[in-house]
Structures are given as C-alpha cells and as structure tokens.
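Asker: how would this look folded up:
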Amino acid sequence: MKFTLYTIPLLFLICITATLDAVKAGAVKTVYIPRSQGHSPSMVCLPAYEYTVITSLNYAQSYKGKNIARDLFGASTLNFSGSQVPNRASTDLLADNFGLAPDFQGSIHFNPRIENVLFSFYFNKPLDNVLSGLYVNFMVPVNYARWSLNPCETVVDRGMTIFPNGYMGDTLITFTHAVPIVPADAYQNACNPVTPAPSPAAPAQTAPSARTYFTGNVITGDILRPLSYNKISWCPLKRTELAELIVRLGRNLICSDYAFLSVFVRASFPTGNKQRPEYLFSPVCGNGKFFELGLGTQGQYRFTHVDNPTDVTFLWDISGETLFQTKQLRTFDLTAIDQCCSRPLSRYLLLKKINKNTQGYDGELIEASYVTTYPVLVSRPFQGDIDLKLSVEHKGFTQNFGYALWGTTAEHICVQFDQPTCPTGGNVYGIKGTTGAYNYITTGTLARGLTGLNATESSSTIYAAGPIDNPVALPNTTTYGNVSGTTVLDTSRVAIASQPPLVVECVTIDVDSARSPAQMTHAFFAETGYTWVGCHTQPAVLVGGSIETASNSPAELHQWSIWIKGTVSW
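Answerer: Coordinates of the predicted model:
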C-alpha cells in the first residue's frame with residue numbers, strides 16, 4: 001500500500017527531473033508533439049466504485065504562439081536575404097538555398113496556434129461478481145485538431161537580377177514577373193491564392209517568394225524535385241481521429257462513506273495518428289500511435305460527516321506508464337562537421353548530387369530533407385500524471401478546484417538508416433553553398449561549353465556559405481558569370497573544384513533535432529455544476545475551464561480550455 005501511494009509519484013518526479021536537461025533551450029526541432037488530448041484536465045479523478053457514464057465536450061486553444069515558433073524555427077520571424085545583398089545580417093537565411101534570387105530580401109512571421117475540439121466518453125463497470133472491489137473502466141476521446149502556423153510573408157525586394165550561367169543549372173535562369181507584384185493579402189498570405197500562369201515565352205524563373213518554395217512549388221534549373229518534407233502550409237491543417245482507447249483494470253482496497261482507495265493497471269491502445277514529415281507542424285490526435293502500459297492509484301477522502309449537508313472531499317489520481325516502441329518517419333537536421341553542435345534548419349540546405357565513382361557533379365540539386373528523412377523506432381520510457389481535486393457539494397450544487405501535472409521523459413529514437421549504404425539509395429550528396437553547379441571550359445578567352453563543378457562547402461549553414469572543401473583550381477576554366485556562348489571571359493575567375501568533395505554522412509544526422517524532449521505542464525482548473533440528488537441515477541451537469549502553463553521550454557504547450565460534461569451513476 002505504502003509503495004503504491006508514495007513510490008509512483010516519487011518515481012514520476014525523479015524521472016522527469018533526470019531528463020529535463022534533454023530540453024535544449026533554443027534548440028530547433030523538426031517535430032512538435034504536445035501531450036495527448038486523452039490527458040485533458042476535463043476528465044480527471046473520475047469515479048471507479050459504481051456504474052458511471054460520463055460524456056464531455058471540450059474546446060482547447062493554445063496561447064504563447066511565439067514559444068512554438070521558437071521550437072520550430074528558433075524565432076517567430078525568419079528573415080531572408082540573397083548572397084549578393086550587401087551587409088546581410090548573420091541571422092538572415094541564405095535565400096539562394098530556396099531558389100530565390102541572389103538579391104532577394106524578405107521575411108516570414110509566424111504565430112502558431114493549436115485548437116482541439118474533444119468529445120470524451122467514460123464508462124465504469126464494477127466487477128464484484130468476479131472479485132470483490134474489482135472494476136474496469138474505459139475512456140474514449142474523439143478529437144478534432146486544427147493546427148496553423150499562421151505565416152505572414154513580407155517581400156521587400158523580389159530580386160530583379162539573373163542567376164549567372166552555371167550557378168543553378170546549365171542554362172540562363174532569369175527572374176520574370178510570372179507572379180505579379182500584388183498586395184500581400186492577395187497573394188503572399190492568402191490561404192489558397194489564385195496564381196497567374198507564367199507567360200509561355202518566360203524562361204525558367206527564380207522563385208518569386210519564400211512561400212513558393214515552402215509550399216513545394218519550386219522546380220528550376222537543376223532543382224528537379226520540389227520540397228517534399230517539412231513543407232509549410234499557409235492553410236490550417238486539420239485532423240479528426242479517435243485519439244486513444246484507454247482501459248483501466250483495478251481493485252478498490254478501501255470503499256467507505258469517508259474514504260476510497262484503489263490501485264489499477266492502465267493501458268492505452270494505439271489509435272489516433274502519427275505526425276507525418278510532409279508538413280512541419282502537422283496535427284496529431286492522440287499520443288502518436290504508441291501502446292501505453294502502466295500502474296496507478298486513485299482515491300478520495302471526505303472531511304465532513306455524512307450527515308453534514310455540505311460535503312468537502314479531496315480526490316487524487318496518480319499514474320505512470322511506458323510508451324512502447326513504434327515506427328514513425330522523421331526528418332532531421334544536420335550536425336556541424338565536427339558533430340559538436342546542431343545546424344538549425346539545415347534540412348533546407350541545397351545539396352549537389354555527387355557521382356560516387358568519378359567524384360563529379362551528377363546534374364541534380366536536391367533539398368537536404370530528401371537525404372535526412374528516415375524511418376525511426378521511437379519510445380518514451382516514462383509518462384505520468386498527478387491529478388488533485390478539491391470538491392465542495394451543498395444541496396446538489398458542486399464546486400471543484402483542481403491541479404493536474406503531466407510530464408514525460410524525452411523520446412528514445414533509433415534511426416533506421418538505409419543498409420548497407422548511407423545516405424539513401426547509395427547516392428552521395430554534398431552541400432552546395434554558393435558554389436556553381438557548372439563551370440566553363442575555355443580556350444584562351446572564349447567559352448567552349450559548360451561542365452559540372454563538384455565544389456562543395458560542407459561547413460555551410462542555412463545562414464551563410466562556408467569555404468570550398470579541399471579547393472583546387474581547374475586550368476582552362478572559368479567559374480559562373482554573366483557570360484554566354486563565345487563572350488570574352490574574365491580569365492581571373494578560375495573555377496575551383498573540390499578534390500575530393502565532402503559529402504553528407506550518417507554521422508552528421510542530428511538525431512536530437514527530431515526528438516521530442518522531456519516536457520512538464522501544469523493545469524489549474526475549476527468546475528461548477530448541479531446534481532439531481534433525489535434521482536436514482538443522480539444525473540449531473542458541470543461546466544468548467546482550465547489554464548495550462550509550463551516552463552520556458554518552447555516544446556511545452558501553453559493552452560486554455562472550457563468544457564461541459566454530464567454524468568449519471570447508479
């Protein structure tokens with residue numbers, strides 16, 4: 001008995017405290033996974049000693065959207081500037097990686113929001129005919145989720161320059177106004193804008209806005225495939241699922257007019273959905289399709305005499321469980337070359353495909369997310385709840401005040417790399433940075449054609465390009481420039497290759513970037529209602545609300561909720 005009462009909450013607090021260091025302040029994540037809707041404060045400390053049916057309708061909405069933006073992007077505003085912008089800020093994302101013009105300037109502001117509409121059904125059935133005090137109960141939460149990043153783009157300068165020959169492909173890539181300059185609300189920030197078709201005479205073009213890239217609509221030069229992972233939707237993403245199927249099998253050890261105490265085994269069967277990497281900030285209903293198994297205790301103590309018309313009761317419900325391994329698909333960022341630290345948002349870096357045999361450029365530019373998206377085996381060692389409630393009843397009127405603590409350890413992730421080669425499919429890729437894709441073969445001062453350039457800049461970040469790896473000057477060549485055909489060249493611009501190029505390897509995958517960290521939230525709630533005491537089934541109606549807060553970790557969700565619920569017992 002004492003083990004159940006004291007060890008479960010103590011173990012819960014120890015596990016959470018021991019793993020809080022897994023939450024890295026300012027670390028950018030490719031996933032956002034808050035607690036399951038099945039742990040809503042509207043459905044805590046429920047009766048387990050008589051036949052009971054409870055239904056609840058709950059609406060919850062997040063606040064402190066800047067915290068979510070910090071978790072996903074490092075800031076609530078992303079600034080973009082091209083490699084040719086003078087005095088560009090060190091925190092600006094390098095626009096060239098996104099198919100934007102080298103002199104592009106703009107920004108995207110995010111104000112993320114999560115909304116949930118939750119319908120819960122609870123049924124408790126005593127099993128005294130099997131064993132005295134035995135009971136089983138079921139809770140079935142059905143959730144509608146609506147997640148939105150609420151992006152707002154501002155384009156300062158769309159960029160009127162051209163990509164030099166060979167920079168992004170082997171043909172001239174020119175900016176054109178295929179998407180005309182129009183008021184921001186009419187294009188950049190509309191949920192489903194009408195995009196004018198480009199002129200038939202227009203050549204391949206740079207992206208007119210960052211939105212074009214993030215929504216997966218950029219194919220230009222040697223960028224042959226649009227962004228497919230961690231895209232950003234300008235429309236809310238919605239999902240409706242049976243969030244969980246929660247079953248408790250327990251036994252009442254004490255059941256009197258003044259006290260009630262039980263212990264139970266808790267299981268949650270995998271329903272809901274897994275977060276998919278196609279979109280960043282895609283909605284999750286439930287716990288991510290984990291199977292949960294754990295133990296718990298619940299009980300209550302009545303402070304007033306049974307003859308007193310005012311009933312003051314303290315209730316508690318404490319449980320802890322393990323989330324067993326499940327298979328998911330996650331997109332990762334890269335670590336620094338020496339693996340000392342992470343490279344935030346590096347999944348959006350532009351890579352060159354390198355021929356494994358010749359070490360030459362293989363004619364394709366690809367987003368890093370194609371190379372850093374892998375199946376993973378995910379588990380959580382521990383998750384727990386401590387729910388406390390003080391209930392005051394007087395002549396049918398009820399007032400409840402409560403506190404709900406929820407916490408979880410960091411995920412354990414095992415990446416399932418392609419075997420026997422890594423990265424994917426036996427192909428190898430190096431970071432492009434600001435190197436050209438092609439260089440000119442020259443005769444004297446005349447250009448005689450383009451050939452692939454294998455130069456890589458492996459230390460590049462999403463903010464700035466690094467130096468060329470293992471640089472070697474190529475004789476009888478010149479690098480990209482505003483030249484064409486037999487135009488006289490600037491022979492001082494000798495092409496620089498990498499011998500050999502440095503490629504992305506498995507060891508540079510930043511596993512922590514796709515790992516949901518340890519979390520802890522605190523919910524304070526209140527309910528008021530009325531019970532028809534004289535009726536056989538004691539029907540009751542309650543309305544309530546909660547405010548859920550957390551620490552300064554951006555991975556933890558702040559939200560408020562309101563609900564109405566009805567109960568019958570017999």
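Asker: Only C-alpha atoms from now on, for both contacts and neighbour counts.
Answerer: Noted.
Asker: how many other residues sit next to residue 92?
Answerer: 18 (other C-alpha atoms under 10 Å).
Asker: pretty sure it contacts residue 79?
Answerer: Yes: between residue 92 and residue 79 there is a contact at 4.9 Å, judged by C-alpha atoms under 8 Å.
Asker: Show me where the stretch 201-350 of the chain has its helices.
Answerer: Assigned by DSSP state H, counting those that start in this stretch, the stretch 201-350 of the chain shows helices spanning 210-214.
Asker: What of the chain?
Answerer: Ranges of helices in the chain, per DSSP state H, are 2, 8-19, 65-73, 210-214.
Asker: what sits up against the third one?
Answerer: If I follow you right, that is helix 65-73. 26-32, 75-76, 110-113, 344-345, 553-555, 557 (C-alpha atoms under 8 Å, 6 or more residues apart in numbering).
Asker: For it, C-alpha coordinates in PDB please.
Answerer: Extracted in PDB, the C-alpha atoms of helix 65-73 (Å, rounded to 0.1, in the frame of the first residue of the first chain):
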ATOM      1  CA  GLY A  65       2.500  31.100 -30.100                       C
ATOM      2  CA  LYS A  66       6.000  32.600 -30.000                       C
ATOM      3  CA  ASN A  67       7.100  29.600 -27.900                       C
ATOM      4  CA  ILE A  68       6.000  27.200 -30.600                       C
ATOM      5  CA  ALA A  69       7.700  29.300 -33.300                       C
ATOM      6  CA  ARG A  70      10.900  29.200 -31.200                       C
ATOM      7  CA  ASP A  71      10.800  25.500 -31.000                       C
ATOM      8  CA  LEU A  72      10.300  25.100 -34.800                       C
ATOM      9  CA  PHE A  73      12.400  28.000 -36.200                       C
END
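Asker: Please give the centre-to-centre distance between it and its chain.
Answerer: Distance of helix 65-73 from the chain centroid (C-alpha atoms, centre = their mean, to the nearest Å) equals 10 Å.
Asker: Chain neighbours aside, what residue packs nearest to residue 385?
Answerer: residue 406 (4.6 Å; C-alpha to C-alpha, 6 or more residues apart in numbering).
Asker: Correction: the previous question concerned residue 496.
Answerer: Leaving aside its chain neighbours, residue 496 sits nearest to residue 473 (4.6 Å; criterion: C-alpha to C-alpha, 6+ apart).
Asker: likewise residue 465?
Answerer: Counting by C-alpha to C-alpha, 6+ apart, residue 433 is the residue found nearest to residue 465 once chain neighbours are left out, at 4.8 Å.
Asker: residues contacting the closest residue to residue 217 other than its chain neighbours?
Answerer: The shortest distance from residue 217 to any non-neighbouring residue, by C-alpha to C-alpha, 6+ apart, is to residue 226 (5.9 Å). Counting by C-alpha under 8 Å, 6+ apart, residue 226 touches 213, 216, 217, 218, 219.
Asker: Let's see which of those end up in strands.
Answerer: Using DSSP state E, no member of the contacts of residue 226 sits in strands.
Asker: hmm, which of the residues you listed are the buried ones?
Answerer: Among those, those buried by neighbour count (16 or more other C-alpha atoms under 10 Å) are 213, 216, 218, 219.
Asker: Export those as CSV, with columns for distance to residue 387.
Answerer: Listed next are those as CSV, based on distance: C-alpha to C-alpha, whole Å:
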residue, distance to residue 387
213, 45
216, 44
218, 50
219, 52
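Asker: and which of those residues is nearest residue 254?
Answerer: Taking C-alpha to C-alpha as the measure, residue 254 sits nearest to residue 216 out of the buried ones among the contacts of residue 226, at 60.3 Å.
Asker: Quick check: pLDDT value at that closest one.
Answerer: On the pLDDT scale, residue 216 is placed at 89.
Asker: For it, give me its contacts.
Answerer: With contact set as C-alpha under 8 Å, 6+ apart, residue 216 has these partners: 226, 227, 228, 231.
Asker: For the first one, give its distance to residue 367.
Answerer: Looking back up the chat, that one is residue 226. For residue 226, the distance to residue 367 (C-alpha to C-alpha, to the nearest Å) stands at 8 Å.
Asker: and what of the second one?
Answerer: Residue 227 is 7 Å from residue 367, where distance means C-alpha to C-alpha.
Asker: Also the last one?
Answerer: With distances defined as C-alpha to C-alpha, the gap from residue 231 to residue 367 amounts to 11 Å.
Asker: Look at the two and report which has more neighbours.
Answerer: The neighbour count for residue 231 versus residue 367, taken as other C-alpha under 10 Å, is higher for residue 367 (24 against 20).
Asker: Which strand residues bridge residue 136?
Answerer: Using DSSP bridges, the bridge partners assigned to residue 136 are residue 125, residue 249.
Asker: Go ahead and confirm it touches residue 130.
Answerer: No: using C-alpha under 8 Å, residue 136 is not in contact with residue 130, being 11.3 Å away.
Asker: if you count what's nearby, which of the two comes out ahead?
Answerer: Of the pair residue 136 and residue 130, residue 136 is the one with more neighbours under other C-alpha under 10 Å, namely 19 against 9.
Asker: What about residue 156, how many residues nearby?
Answerer: A count of nearby residues for residue 156, using other C-alpha under 10 Å, gives 12.
Asker: Give me the pLDDT for the residue nearest to it when sequence neighbours are not counted.
Answerer: With sequence-adjacent residues excluded and distances taken as C-alpha to C-alpha, 6+ apart, residue 156 is closest to residue 106, at 4.9 Å. According to the prediction, residue 106 has pLDDT 96.
Asker: Likewise for residue 182?
Answerer: Residue 182 carries a pLDDT value of 38.
Asker: and what of residue 451?
Answerer: You'll see residue 451 listed with a pLDDT of 82.
Asker: Provide the count of other residues in contact range of it.
Answerer: 17.
Asker: How much space separates it from residue 525?
Answerer: Residue 451 sits 67 Å away from residue 525, taking C-alpha to C-alpha as the criterion.
Asker: just to revisit the earlier point, distance of the residue nearest to residue 217 relative to residue 29?
Answerer: 22 Å.
Asker: any idea how far residue 440 lies from residue 472?
Answerer: Residue 440 sits 15 Å away from residue 472, taking C-alpha to C-alpha as the criterion.
Asker: same question, residue 137
Answerer: The value you get for residue 137 to residue 472, if C-alpha to C-alpha is used, is 71 Å.
Asker: neighbour count winner among these two?
Answerer: In this view residue 137 and residue 472 are compared by other C-alpha under 10 Å, and residue 137 has more residues nearby, 21 against 15.
Asker: so who does the more buried one touch?
Answerer: 48, 122, 123, 124, 125, 247, 248, 249.
Asker: Out of the residues you listed, which comes closest to residue 317?
Answerer: Using C-alpha to C-alpha, those come closest to residue 317 at residue 48, 10.9 Å.
Asker: Excluding chain neighbours, what is closest to the closest one?
Answerer: Sequence neighbours aside, residue 124 is the residue nearest to residue 48 in space, at 6.0 Å (criterion: C-alpha to C-alpha, 6+ apart).
Asker: Ok, residue 375 next?
Answerer: Closest residue to residue 375 apart from its sequence neighbours, by C-alpha to C-alpha, 6+ apart: residue 329 at 4.4 Å.
Asker: swap in residue 286?
Answerer: residue 243 (3.9 Å).
Asker: cool, and residue 543?
Answerer: Nearest residue to residue 543 in three dimensions, chain neighbours excluded: residue 564, at 4.4 Å (C-alpha to C-alpha, 6+ apart).
Asker: Would you confirm that the one you found contacts residue 59?
Answerer: No: contact status for residue 564 versus residue 59: not in contact, 9.4 Å apart, counting by C-alpha under 8 Å.
Asker: Show me the contact partners of stretch 267-278.
Answerer: Against stretch 267-278 from outside (C-alpha under 8 Å, 6+ apart): 31, 228-231, 241-248, 282-294, 328-331.
Asker: Okay, and which of those residues map to strands?
Answerer: 241-242, 245-248, 292-294, 328-331.
Asker: What is the nearest of those to residue 99?
Answerer: Taking C-alpha to C-alpha as the measure, residue 99 lies nearest residue 331 of those, at 20.6 Å.
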